[in-house]
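Visitor: Sequence first, then the predicted structure, then my questions.
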Amino acid sequence: MNTAAKGRRLEHRSRQLLEAAGYTVLRAAASKGDFDLVGYSAAGWGLVQGKASRPPGPMERRALAEAPCPPACARLIHVWKPRARLPEVVEL
C-alpha cells in the first residue's frame, strides 16, 4: 500500500472516531495544510493531524501548536501504530 492510501485510510478511521464523539467532520483532502480533519460540534472545534507509526517532529509540532484556531478548539494529533485499534492521541 502506498503512503497516500495509508494516510487516507487512517484519516477515515480518525474521522469515524470524531463522528462517534458527536462531531461533524470535514476532511481537508490533499490540502497540504496543517490539519487533516476539522470537526465541529456544540461543544467546540477539533483539529486533527493524523500520523502513521510516529508522532511529528519538534518543528511540525510547533507549527501545529501555533496554527490559527477558533475559540474552544482542541488541536489533536492521532498517531496510529501498526495494527492498533485506536490511535495514541496527543493534545497540543
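Guide: That came through, no problem. Numbering: from 1, shown residues only.
Visitor: For the most centrally placed residue in the chain, list the residues it contacts.
Guide: What sits nearest the mean C-alpha location of the chain, by C-alpha atoms, centre = their mean, is Val48, with 2.3 Å. Residues near Val48 by C-beta atoms under 8 Å, 6 or more residues apart in numbering: Ser14, Leu18, Phe35, Asp36, Leu37, Val38, Gly39, Leu76, Ile77, His78. From N, CA and C alone the C-beta is placed, and that goes for glycine too.
Visitor: gap between the closest residue to it other than its chain neighbours and Pro58?
Guide: Spatial nearest neighbour of Val48, excluding adjacent residues (C-beta to C-beta, 6 or more residues apart in numbering): Leu37 at 4.1 Å. Counting by C-beta to C-beta, to the nearest Å, the gap from Leu37 to Pro58 is 22 Å.
Visitor: Sort out which residues of stretch 34-54 are buried, please.
Guide: In terms of neighbour count (16 or more other C-beta atoms under 10 Å), stretch 34-54 has its buried residues at 34-40, 45-51.
Visitor: For Ala67, state which of the residues you listed is nearest.
Guide: Asp34 (4.3 Å; C-beta to C-beta).
Visitor: So that closest one is in contact with Ala67, correct?
Guide: Yes - using C-beta atoms under 8 Å, Asp34 is in contact with Ala67, at 4.3 Å.
Visitor: joint contacts of the two?
Guide: Counting by C-beta under 8 Å, 6+ apart, the common neighbours of Asp34 and Ala67 are Leu47.
Visitor: that older thread, now do the residue nearest to Val48, the pLDDT please.
Guide: Looking at Leu37, its pLDDT reads 94.
Visitor: got it, and Ser31?
Guide: pLDDT recorded at Ser31 is 63.
Visitor: again with the one 10 residues further on
Guide: Looking at Ser41, its pLDDT stands at 94.
Visitor: so what's it bridging to?
Guide: Applying DSSP bridges to Ser41 gives these bridge partners: Gly44.
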